[in-house]
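Quick one, structure for this:
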Amino acid sequence: MKRLALTGLALAAILAVGSAGYWAGHRGIAVPGLRNWLGIEGSLEANQPAETGPIIYYQDPDRKPIYSAGPRQTEDGRPFTAVHTSQDISFEEMPQVEERRAQADTKRILYYRNPMGLPDTSPVPKKDSMGMDYLPVYEGEASEDGVIKLSPGRIQRSGVRSEPVRRQAIAQTIRVPGVVQLDERRIAVVTIRADAFVQEVAPVTTGDRVAKGTRLARIYSPEISAAGAQFITELNAAARGVPEGGARQRLENLGVPAEIIAEIERSRKVPPTINWSASRDGIVLERNVSDGMKLAAGSSLFRLADISTIWVLADVPERDLAEIRIGAPTTVRLRGRPDMAFEGRVSVIYPQIAEATRTAKVRVELANPEGVLLPNMYADVEIGSGDANIELAVPQSAIIDGGTRRVVILDRGEGRFEPREVKLGRRGDGMVAITEGVSESDRVVVSANFLIDAESNLKAALSGFAQPEAKP
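Residues are numbered from 1 along each chain as shown. This is a model prediction of the structure:
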């Protein structure tokens, strides 16, 4: 009979709480935990937990299902009873609740911080604009200013991974486009220095390879013939003891080959026509003469180029020029033949920036014994950054670049992370040198660091250590 009475009383209490909760919800009044809903005066009061933690709501002193978000009195002037966090069921994870209860028993609360991570604190318990309670900061926690704490579950779900800061050499490689060009020192123009007529042109065309001394054309020049006749006269006079005049020098000034002058001196005869020969080995770039053509003094007959050594002119962006040194190793690959690589070194850095492209020319000299490299070919050039010094480095994925400053996330262990502003050095092979901000004993987050930023309100922490706010 007594059990039936207790059961009926419990059912009646549940129905009363349900109707009161509906009434309270429509009036914006906080609803307490289930344990307080079913609270019964008498022997149950002895089992109530200690009053620790901030006040979360106020209840009617007669334990009626009437609640208030702030202090309140009954109609007869009695104050409502304050209900603390330890007296109601929390929606947090149980380990966190127990930890906070243990901290409340052993440590002193210094202040209360914004539950959303904003840089706002309060010396007394309060709520934010959404009705969420400010979180207590206990003694010993305030010393780690700017440190973000994440639960193991969040770390595992986010895929956070960290690596130690290493001391290593960063071999930076600058990849830029280039164009194959002729070596200007190996270009020759075959000209004539007197008026002449082309008697015959050798069967040499543009693109042919010629050797030094190869006959290119046979010409007749009245001026050269007259100088040759005067030279013979002077030779005969010299045989009689008359000093030689300037006929030999005149022939040399007209560009007559030395072997033709020697032949005139030996035979004492002026040839009617003269063979005009190639002045160096190379390929024929231009042919400007034809049979029977009249040539004026200074005319260009052929243009030759030696391609045994070739240039590659690379366009290096202005921002990368500081990393390039004379003698830096280079690798050149032709876009038409990517399977072939040519090794060389930087020989010249041109002292001029192109206004349109903001690039500078860098010259690379390459040996071209097989003639594979041809003028105006496109190439991809890889330029080493020279001597690589040993320095502190982190993976490039560890850097959070905010535009005005660069930040890494330090892994302090036990779920603690700290943002740290750093200064960067050279980059290369997926690594970035750190000149200031970290030490060799640190570990940095290299994966999911942006998720840490989102999940733990890192932006508020960054603004906090950029402009430190006095804590009460």
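
Report the residue ranges of every domain in this protein.
2-106, 148-170+389-466, 173-183+307-384, 193-298 (automatic domain parsing).

Need the ones you listed in CSV (columns: mean neighbour count and distance to residue 138).
All C-beta spots, glycine's among them, are computed from the backbone N, C-alpha and C. Below are the domains of the chain laid out as CSV (neighbours: other CB atoms under 10 Å; distance: least, CB to CB, whole Å):
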stretch, mean neighbour count, distance to residue 138
domain 2-106, 13, 5
domain 148-170+389-466, 16, 13
domain 173-183+307-384, 16, 49
domain 193-298, 16, 84
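
Make TSV from the ones you listed and add distance to residue 115 and mean pLDDT to it.
What follows is those, written out as TSV (distance: least, CB to CB, whole Å; pLDDT from 0 to 100):
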stretch	distance to residue 115	mean pLDDT
domain 2-106	11	57
domain 148-170+389-466	10	79
domain 173-183+307-384	44	92
domain 193-298	78	91
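
Compile these into TSV and extend it with columns for distance to residue 113.
Compiled in TSV, the domains of the chain are given as follows (distance: least, CB to CB, whole Å):
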stretch	distance to residue 113
domain 2-106	12
domain 148-170+389-466	10
domain 173-183+307-384	43
domain 193-298	78
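
Can you say which of those domains is nearest to residue 139?
Ranking the domains of the chain by proximity to residue 139 (CB to CB) places domain 2-106 first, at 8.7 Å.

Helices of the stretch 151-300 of the chain, start to end?
Applying DSSP state H, counting those that start in this stretch to the stretch 151-300 of the chain gives helices spanning 152-158, 222-239, 247-253, 258-267.

now the ones you listed in JSON lines, with distance to residue 347?
Formatted as JSON lines, the helices of the stretch 151-300 of the chain follow (distance: least, CB to CB, whole Å):
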{"stretch": "helix 152-158", "distance to residue 347": "51"}
{"stretch": "helix 222-239", "distance to residue 347": "41"}
{"stretch": "helix 247-253", "distance to residue 347": "35"}
{"stretch": "helix 258-267", "distance to residue 347": "33"}
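
what about those, which gets the closest to residue 110?
Of the helices of the stretch 151-300 of the chain, nearest to residue 110 by CB to CB is helix 152-158, at 24.8 Å.

on contacts alone, who are the packing partners of the closest one?
helix 449-455 (3 or more CB pairs under 8 Å, 6 or more residues apart in numbering; DSSP states H and E).

The residue nearest to residue 136 when sequence neighbours are not counted and residue 149, how far apart?
Nearest residue to residue 136 in three dimensions, chain neighbours excluded: residue 109, at 4.6 Å (CB to CB, 6 or more residues apart in numbering). The gap separating residue 109 from residue 149 is 17 Å, by CB to CB, to the nearest Å.

if we can go back for a sec, these two touch, right, the residue nearest to residue 136 and residue 137?
Yes: assessed by CB atoms under 8 Å, residue 109 is found in contact with residue 137 at 7.0 Å.

ok, which stretches of the stretch 351-472 of the chain are helices?
449-455, 458-466.

quick revisit: can you check which of the helices of the stretch 151-300 of the chain gets nearest to residue 290?
Residue 290 lies closest to helix 222-239 among the helices of the stretch 151-300 of the chain, at 20.2 Å (CB to CB).

From residue 268, how far off is the residue located most distally from the centre of the chain?
Residue distances from the centre of the chain (CA atoms, centre = their mean) peak at residue 240, which lies 83.7 Å from the mean C-alpha position. When distance is defined by CB to CB, residue 240 is 14 Å away from residue 268.

Then residue 172?
70 Å.

residues contacting residue 277?
212-216, 257 (CB atoms under 8 Å, 6 or more residues apart in numbering).

10 Å - rerun?
190, 202, 210-217, 257, 259-260 (CB atoms under 10 Å, 6 or more residues apart in numbering).

Which of those residues sits closest to residue 127?
Using CB to CB, the contacts of residue 277 come closest to residue 127 at residue 210, 93.8 Å.

Run through the residues that contact the spatially closest residue to residue 318 that is not a sequence neighbour.
Leaving aside its chain neighbours, residue 318 sits nearest to residue 358 (4.8 Å; criterion: CB to CB, 6+ apart). Shown in contact with residue 358 (CB under 10 Å, 6+ apart): 315, 317-319.

which two from those residues end up farthest apart in space?
Greatest spatial distance in the contacts of residue 358: 315 and 319, 12.7 Å, computed using CB to CB.

wait, what's in contact with the residue lying closest to residue 384 once chain neighbours are set aside?
Using CB to CB, 6+ apart and skipping residues adjacent in sequence, the residue nearest residue 384 is residue 329, 4.5 Å away. Counting by CB under 10 Å, 6+ apart, residue 329 touches 173, 343-346, 364, 382-386.

In strands only, show me these.
173, 343-346, 364, 382-384 (DSSP state E).

can you redo the residues you listed as a markdown table with distance to residue 228?
Converted to a markdown table, the ones in strands among the contacts of residue 329 look like this (distance: CB to CB, whole Å):
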| residue | distance to residue 228 |
| --- | --- |
| 173 | 62 |
| 343 | 51 |
| 344 | 48 |
| 345 | 49 |
| 346 | 50 |
| 364 | 47 |
| 382 | 57 |
| 383 | 55 |
| 384 | 58 |
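
now, among the residues you listed, which is nearest to residue 403?
Using CB to CB, residue 173 comes nearest to residue 403 of those, at 25.6 Å.

any idea how far residue 265 lies from residue 241?
18 Å.

And the strands in the stretch 251-400 of the chain?
274-277, 282-287, 294-295, 300-305, 309-317, 329-334, 341-353, 359-367, 378-384, 390-395, 400-401 (DSSP state E, counting those that start in this stretch).

strands paired with the third one, and their directions?
This means strand 294-295. The pairing partners recorded for strand 294-295 under DSSP bridges are strand 196-201 (antiparallel).
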